[in-house]
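Participant: Sequence isn't available, so here's the structure alone:
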């Protein structure tokens, strides 16, 4: 009987092609500064480069990689470029990439402890490591009443926190009977938009998410929060949840956690802290004052995929009372029952988030922590903060520009004094040049430029060059009369 043909890649082919892919990735990172940071393709251009129909017969691996260069690479905005200063970073590292490769190679679906004990126990252990590394309260440890879980993004973490807060406020009745329209949640006007989406998904509704006023530094006002809660309670509503932010997306504003926490404690509200980007800075003890009061939180999250060199996606989410989270999210159909679960001696992370299936994300986080060590991580965070502070100093010294918000860490919000059109023109010209990538926000109604230093390989020369290019664009616009010099 003749051997049946297999279409699978053989182990030898995988080894050969795998080496080629690792070589390609290493070469990509070595030449990344040769590319325009922002992709210059037009809408539809990538799809127009692809065949209308899928191949009927398998193609060579070499042909696939040629099309990665020909079709895919021109359509990539290079988040790993050291000249990427936009949004918040989504940085990666060799250690994280290799950890992700091992995870992909193992192909684990870690929904239950029994479906891969190492997937669960490594995650629990690494999350406990991070409690110590970040100086978080011990009640977040798995050995106490809390514990941590790796989510995909801060958006998912906020949704889980909101659901737990909803259930605790209704004595776990909302899961059974639904929301009655009386539940109210709170965030500031500067809180990430994911909270609005979470309110929609959780059945609380956008109109029942109260957006609290901020102070001159764009941080939530605890007195305004307390006043709104009192007003809602008098109206017969049920406050259930507050999200405070350590480092807002627009300006990196730091909400006063301690004061907000006292308000939440008085009214028995679930306090969630979103430290998506800035949480990584807490690796350095000198920055931990920015989240004084964290011990009052019911939950906390940050994204190692933003600033801790762990490639996307990887969000770390802790709760102080894991039973509240599990009771909110747990469903146990017959096909998931097993002896380990019923023994009560293990963690099943399927009960800690929205989805059932889960990847072995802790591997890449483990690789990163072991490669850098606490010392190496602290070194790079401090250097990024130093570079951002130096950039902020240059802005202060140029009379044409001004800082638009405090810069406590690695994000600098600034603008040209010539007005919104001037700032828009400077940003557009810079981004079209391909030399760097900036994004904007609006603060006090004014268009504001944002420069965030956090990409893995950004060094002093990249920040210096960025400032030089910003000044050159301002000079060019002034020389053409497009804007008036403020000097």
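Facilitator: Cool, the structure landed. This one's a predicted model, so the numbers in the text were calculated from it and none came from an experiment.
Participant: Give me the phi and psi angles of residue 212.
Facilitator: For residue 212, the backbone dihedrals are phi -90, psi 140 (criterion: degrees, to the nearest 10).
Participant: by contact count, what packs against the one helix or strand residue 66 maps to?
Facilitator: If you go by DSSP states H and E, residue 66 is part of helix 61-67. When contacts are defined as 3 or more Cβ pairs under 8 Å, 6 or more residues apart in numbering; DSSP states H and E, helix 61-67 sits against helix 11-30. All C-beta atoms are positioned from the backbone trio N, CA, C, and that covers glycine.
Participant: got the contact list for the helix it packs on?
Facilitator: 9, 61, 65, 68, 80, 97, 457 (Cβ atoms under 8 Å, 6 or more residues apart in numbering).
Participant: Three-state assignment for the fifth one, please.
Facilitator: Going back to what we said before, that points to residue 80. Three-state call for residue 80 (DSSP: H, G, I helix; E, B strand; the rest coil): coil.
Participant: ok, it - contacts?
Facilitator: Contacts of residue 80 (Cβ under 8 Å, 6+ apart): 29, 32, 91-92, 455-457.
Participant: could you redo the last one with a cut-off of 10 Å?
Facilitator: The contact partners of residue 80, by Cβ atoms under 10 Å, 6 or more residues apart in numbering, come to 28-29, 32, 89-93, 311, 455-457.
Participant: which two in these are spaced the farthest apart?
Facilitator: Greatest spatial distance among those (Cβ to Cβ): 28 and 89, at 17.6 Å.
Participant: Can you mark which positions in stretch 16-27 are buried?
Facilitator: Buried residues in stretch 16-27, counting neighbours by 16 or more other Cβ atoms under 10 Å, are found at residue 17.
Participant: same thing with stretch 289-309?
Facilitator: 290-291, 293-294, 296-309.
Participant: So residue 467 versus residue 416, what's the distance?
Facilitator: Separation of residue 467 from residue 416 (Cβ to Cβ, to the nearest Å): 13 Å.
Participant: can you list residues touching both of these two?
Facilitator: Common neighbours of residue 467 and residue 416 (Cβ under 10 Å, 6+ apart) are 398, 401.
Participant: In terms of neighbours, single out the busier of those two.
Facilitator: residue 416 (27 against 16; other Cβ atoms under 10 Å).
Participant: okay, now the nearest residue to the more buried one once chain neighbours are set aside: neighbour count?
Facilitator: Excluding the flanking residues, the one nearest residue 416 by Cβ to Cβ, 6 or more residues apart in numbering is residue 422, at 4.6 Å. Neighbours of residue 422 under the rule other Cβ under 10 Å: 22.
Participant: Let me know the average pLDDT across the host helix or strand of residue 422.
Facilitator: Per DSSP H and E: residue 422 is located in helix 420-433. What helix 420-433 shows for mean pLDDT is 95.
Participant: Would you tell me what the next helix or strand after that helix is?
Facilitator: Assigned by DSSP H and E, the successor of helix 420-433 is strand 439-443.
Participant: What pairs with that next one, parallel or antiparallel?
Facilitator: strand 446-452 (antiparallel) (DSSP bridges).
Participant: ok, and for the partner strand, which residues are buried?
Facilitator: 447-452.
Participant: sorry, back to before: ok now the helix holding residue 422, how far from the chain's centre?
Facilitator: From the chain centre to the centre of helix 420-433 is a distance of 26 Å (Cα atoms, centre = their mean, to the nearest Å).
Participant: just stretch 58-67 next, same as before
Facilitator: 33 Å.
Participant: Show the average pLDDT along it.
Facilitator: So the average pLDDT for stretch 58-67 ends up being 95.
Participant: For that stretch, which outside residues touch it?
Facilitator: 7, 9, 13-14, 16-17, 20-21, 24, 49-51, 55, 72-73.
Participant: out of the contacts of helix 11-30, which are buried?
Facilitator: Judged by 16+ other Cβ under 10 Å, buried ones among the contacts of helix 11-30: 80, 97, 457.
Participant: In which helix or strand does the nearest residue to residue 270 once chain neighbours are set aside reside?
Facilitator: Closest residue to residue 270 apart from its sequence neighbours, by Cβ to Cβ, 6+ apart: residue 165 at 3.0 Å. Using DSSP H and E, residue 165 falls within helix 154-169.
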